[in-house]
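**Q** quick one: sequence plus predicted model below, questions after.
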Amino acid sequence: MQAVARTVAEPIEFGGLEFAKGELIVSLIGAANRDPEVFPDPERMDVTRERLRPLSFGGGIHFCIGAQLARIEAEVVFSTLLRRMPDLTLVEDTPQWRQSFTLRGLTALPVKWTSSRQQGAA
């Protein structure tokens, strides 16, 4: 999810702007997850990045109950994929991203793989 909406519970001033009780605020958390002041080379996917605290799963009382399950699933998927297909490589340097305001994701990620059986036959 790239954006979250919250209703203002009490009047507040934030960043020089006044918000009245009942107003709707939309935060673009996808932009925060790629803040160059926080993340070196923020547009590059780096699974080894340390001290990563993405806002994708929310926070506080709004923290996603499935966050840990999603992290475990991703770890299992990627470690299994790379173990079974160690020669998997990107066909293009730049992934193709979905043009969506609310949900970030790939439209395509072309890869190629040469199995060890195919390599031995050559």
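**A** It's in. Numbers count the residues shown, from 1 in each chain.
**Q** and Thr107, which of the three is it?
**A** Under DSSP: H, G, I helix; E, B strand; the rest coil, Thr107 falls in the strand class.
**Q** hmm, I typed the wrong one, I wanted Val26.
**A** Val26, by the three-state scheme (three-state DSSP), is strand.
**Q** in contact with it, which residues?
**A** Neighbour list for Val26: 3-5 [criterion: CB atoms under 8 Å, 6 or more residues apart in numbering]. No exception for glycine: its C-beta is placed from N, CA and C like everyone else's.
**Q** contacts for the host helix or strand of Ala74 next, please.
**A** For Ala74, the element it lies in under DSSP states H and E is helix 67-84. Contacts made with helix 67-84 from outside it, assessed by CB under 8 Å, 6+ apart, are listed as 47, 57, 64, 88.
**Q** as TSV, the residues you listed with pLDDT would be great.
**A** Converted to TSV, the contacts of helix 67-84 look like this (pLDDT from 0 to 100):
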residue	pLDDT
Val47	72
Phe57	79
Cys64	86
Leu88	89
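**Q** so how do I select the buried members of the residues you listed in ChimeraX?
**A** Below is the selection syntax for ChimeraX that covers the buried ones among the contacts of helix 67-84, with 16 or more other CB atoms under 10 Å defining burial:
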select :57
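**Q** now, the most widely separated pair of the contacts of helix 67-84?
**A** Maximum pairwise distance among the contacts of helix 67-84 (CB to CB): 29.1 Å, between Cys64 and Leu88.
**Q** are any of the contacts of Val26 buried, and which?
**A** Buried residues within the contacts of Val26, defined by neighbour count using 16+ other CB under 10 Å: Val4.
**Q** could you list the low-pLDDT ranges of this protein?
**A** Counting by pLDDT under 70, the chain contains low-confidence ranges at 1, 101, 116-122.
**Q** on that earlier part again, of the contacts of helix 67-84, closest to Ser27?
**A** Taking these together and measuring to Ser27 by CB to CB, the closest member is Phe57, at 13.7 Å.
**Q** which element is the closest one on?
**A** When secondary structure is defined using DSSP H and E, no element contains Phe57, which sits outside every helix and strand.
**Q** need the contact list for it.
**A** Remark: with contacts taken as CB under 8 Å, 6+ apart, Phe57 is in contact with 63-64, 67, 70.
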